[in-house]
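Colleague: heads up, no residue letters with this:
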């Protein structure tokens, strides 16, 4: 009796990746054809398109038609963001092992072999951690600072320079399904849920083709999701700093009152100190109200319980295969 082969499902999120979708399939299929350790596994690629504006869907349809045994696709009804779409596809994956990989080749397909070796060593999660990147040095330095801050102030031991690229055992995927989280932050969940994991260092190359969809807003959104989900430091700073300023203001006000009573005619109160104090405290209030709003927004999204993704179409899935 032949041994049952495990299947690896490689989830590939896409947004305007018409130039990369086919080359990525070719690179992945080459890895499974050439690497001895990978030949023991069945495999498939699950593309999830986040409402691309170019011909990405046409390209993916062609792959699904010509490689029905190895390619599946989910087309979203609209763009549901850089976190919801890949996370949702991971929940739809039916393989014994799930990998998450970017379509632009910044997650090197050559690491598939190392991930599987780590899996066969007994690790339920094997992840890629960037040692260096082709990002601008200043941007990479800011990211490093951000990761260190989150790591220092979070109750959960966070993983630096981890984007989600990696291998996940089906047991971990089942845990994610049970979470029913409407605002998932995979990078934090991997660190939080306690599965033993292995880190594989790699250098992140440039995009193979096309332009990145990341911009200041998307990077800010990612940073604030991690910040509000896994730290309390913002609220604590607001509380402590607000209390300290209030105490100092009372002391200064009391000193002014005493000095005015003692030197009534010779001590002008003046408007400059009042204006400076009002502007300073007003700016602090606006800043911390905005920070508090970020936490409230995170809570609001979780309470509303909207679906992660609304599908427009799925290709090469059996009819019964759909996990919400």
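Modeller: Sure, I can see it. Bear in mind that the values here come from a model prediction, so they are computed numbers and not experimental data.
Colleague: can you pull out the strands in the stretch 51-200 of the chain?
Modeller: Listed in chain order, the strands of the stretch 51-200 of the chain (DSSP state E, counting those that start in this stretch) span 71-76, 97-100, 125-133, 166-169, 197-204.
Colleague: what does the third one contact?
Modeller: Meaning strand 125-133. Strand 125-133 is contacted from outside by 107, 111, 114-115, 118-119, 140, 159-163, 165-169, 172, 190, 195-204, using Cβ atoms under 8 Å, 6 or more residues apart in numbering. Yep, even glycine has a C-beta here, placed from its N, CA and C like the rest.
Colleague: Tell me the pLDDT of residue 281.
Modeller: pLDDT, residue 281: 70.
Colleague: mind checking which helix or strand the nearest residue to it once chain neighbours are set aside is in?
Modeller: The shortest distance from residue 281 to any residue other than its chain neighbours is 6.3 Å, reached at residue 245 (Cβ to Cβ, 6 or more residues apart in numbering). Of the helices and strands defined by DSSP states H and E, residue 245 is found in helix 233-262.
Colleague: you'd agree residue 90 is up against residue 11?
Modeller: Yes. Using Cβ atoms under 8 Å as the test, residue 90 is close enough to residue 11 to be in contact (5.4 Å).
Colleague: Neighbour count: the two, which is higher?
Modeller: residue 11 (27 against 24; other Cβ atoms under 10 Å).
Colleague: For the closest residue in space to the more buried one that isn't next to it in sequence, give its distance to residue 167.
Modeller: Spatial nearest neighbour of residue 11, excluding adjacent residues (Cβ to Cβ, 6+ apart): residue 89 at 4.5 Å. Residue 89 sits 15 Å away from residue 167, going by Cβ to Cβ, to the nearest Å.
Colleague: hmm, back to that, want to throw the strands of the stretch 51-200 of the chain into CSV with distance to residue 252 and mean neighbour count?
Modeller: Supplementary listing: these in CSV, determined by distance: least, Cβ to Cβ, whole Å; neighbours: other Cβ atoms under 10 Å:
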stretch, distance to residue 252, mean neighbour count
strand 71-76, 56, 24
strand 97-100, 55, 25
strand 125-133, 48, 19
strand 166-169, 54, 25
strand 197-204, 51, 16
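Colleague: Of these, which is nearest residue 26?
Modeller: For the strands of the stretch 51-200 of the chain, the distance to residue 26 is smallest for strand 71-76, at 11.8 Å, taking Cβ to Cβ.
Colleague: Mind listing the strands the closest one pairs with, and their directions?
Modeller: Based on DSSP bridges, the strands next to strand 71-76 in the sheet, each with its direction, are strand 42-49 (parallel), strand 311-315 (antiparallel).
Colleague: which one of these is the most hemmed in?
Modeller: When these are scored by mean count of other Cβ atoms under 10 Å, the highest mean neighbour count falls to strand 42-49 (a mean of 24).
Colleague: Give me the contacts around it.
Modeller: Residues beyond strand 42-49 that count as contacts (Cβ under 8 Å, 6+ apart) turn out to be 5-15, 21, 24-25, 28, 32, 56-57, 60, 63, 69-76, 85-86, 88-89, 92-93, 95, 103, 309.
Colleague: hmm, 7 Å instead?
Modeller: Outside strand 42-49, the residues within contact range by Cβ atoms under 7 Å, 6 or more residues apart in numbering are 5, 7-14, 21, 25, 28, 32, 56-57, 60, 70-76, 85-86, 89, 92-93, 95.
Colleague: Mutual contacts of residue 90 and residue 11, please.
Modeller: With Cβ under 7 Å, 6+ apart, residue 90 and residue 11 have common neighbours 98, 100.
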